[in-house]
Each structure stands twice: as structure tokens, then as C-alpha cells.
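[1] take a look and give me a structure for this.
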Amino acid sequence: MPVLTAFQRALTRALTVLGLVGAFVLTTVAPAWAGENTFVEVVPNSAQAGTRVSIRAGCDNANTRQADVHSDAFGRVMLRPDNGFLTGQVTIPGSKEPGDYPVDLRCDNGKTATTTLTVLNMEQPSKGPATGGGGTAGVSGTGSMLMIGGLAVVALAVGFGFFGNRRRTGSGS
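    The predicted model follows:
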């Protein structure tokens with residue numbers, strides 16, 4: 001039991017120190033005040049060329065007025081007020097080269113923000129890969145032969161299991 005008591009004392013000391021540090025931090029650190037709330041985000045921020053993306057932004061205290069967003073990925077878009085934010089949607093042209101494109105927000109109050117949109121341009125395959133016919137593709141009736149053989153092996157295994165586990169009756173020791 002002495003080991004358990006030493007462990008309990010060490011745990012009590014550690015929790016006490018942690019509590020004192022937490023109390024010190026909470027009483028001496030000044031609260032963080034929210035500063036300017038100017039931002040722009042693109043959802044999804046990685047998108048295939050030819051798909052539609054949503055843009056959401058905030059212009060500090062000017063979210064009741066329109067704002068302008070520009071990017072080489074899609075051109076110019078006007079964002080409109082929507083539930084306290086500025087929102088809009090745009091389609092990335094299908095011919096757009098893959099890469100990272102800056103998305104710049106310019107608010108009516110002079111505030112600006114920037115984010116990055118990654119355009120993907122992966123070609124979609126039109127059919128499966130040409131892998132050949134396979135080893136048994138040209139042989140007719142192979143599938144049914146494999147099925148019959150598999151069923152025969154299962155039947156033999158069940159039979160051996162049934163007869164092997166039978167108890168012998170009669171006089172014995």
C-alpha cells in the first residue's frame with residue numbers, strides 16, 4: 001500500500017499545481033477582444049475545374065452592403081448580404097488550368113481579405129483500363145466447373161466433419 005499512497009500524493013500535488021496555474025491564467029490575462037472581422041472563404045477550397053463553388057465573406061461592420069471578389073480562377077463576383085454575411089456562387093470554367101489562385105475580397109468600407117482557391121483539373125476516364133481478357137476469359141463453361149468443384153469440396157468437408165464427430169456406441173472403457 002505504500003506505493004499507492006505515494007502515487008496518490010503525487011497526483012494530488014500535480015492537480016494542485018495545475019489548478020493554481022489555471023487560476024493565475026484566468027485572473028491575470030486580459031480578455032481577447034475581437035478586432036476587425038474581415039474575411040473571405042471559398043467552399044470547397046479545392047475544386048475540380050467546371051464545378052460551382054460558394055463564397056462567404058465578412059466586411060467587419062459593413063455586411064449590409066455588397067462587396068466585390070476577384071480571382072483569376074473565375075473572374076469577378078459581386079457578393080450580396082445574406083443572414084449577416086456576404087455570399088455568392090460562381091462556376092470555375094472547365095478549361096481553367098490547375099493551380100492555386102488567390103481570391104481577393106474588396107469591401108465598400110475599404111477593408112480587404114485574401115484566401116486561396118486550388119483548382120484541380122483531373123481528367124475523368126471514359127471507360128475502365130484496358131487490362132486484357134484475363135486467363136479464363138476465352139474458356140467456356142469454366143465458371144460452372146469451378147462452382148461444381150467448390151460444392152463438392154464443401155460437401156466432402158461436411159461429410160467428414162459429421163462422420164468424424166460421431167460417438168461410438170457400445171461397450172468400451
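
[2] would Gly149 count as being in a helix?
    Yes. Counting by DSSP: H, G, I helix; E, B strand; the rest coil, Gly149 falls inside a helix.

[3] stretch 91-100: end-to-end distance?
    Counting by CA to CA, to the nearest Å, you get 16 Å between the two ends of stretch 91-100.

[4] buried residues, it. List them.
    Ile92, Lys96 (16 or more other CB atoms under 10 Å). Any C-beta I mention is one placed from the backbone N, CA and C, and that applies to glycine too.

[5] what's the average pLDDT for it?
    Averaging pLDDT along stretch 91-100 yields 91.

[6] correct me if wrong: Phe72 contacts Asp100.
    Let me fix one detail, which is that residue 72 is Asp and not Phe. No. The pair Asp72 / Asp100 is not scored as a contact, 10.3 Å apart, by CB atoms under 8 Å.

[7] Gly143 and Asp82: what is the separation?
    59 Å (CB to CB, to the nearest Å).

[8] check Phe163 too.
    76 Å.

[9] the more surrounded of these two?
    Using other CB atoms under 10 Å, the more surrounded residue of Phe163 and Asp82 is Asp82, with 11 against 8.

[10] phi and psi next, for the more buried one.
    phi -160, psi 110 (degrees, to the nearest 10).

[11] and it, how far is that from Phe162?
    72 Å.

[12] so where is this protein shaky, pLDDT-wise?
    1-4, 6-8, 10-36, 123-142, 165-173 (pLDDT under 70).

[13] where do the strands sit along it?
    38-43, 46-48, 52-59, 67-71, 75-82, 85-91, 99-106, 112-120 (DSSP state E).

[14] how many other residues sit next to Pro44?
    So Pro44, with other CB under 10 Å, has 12 neighbours.
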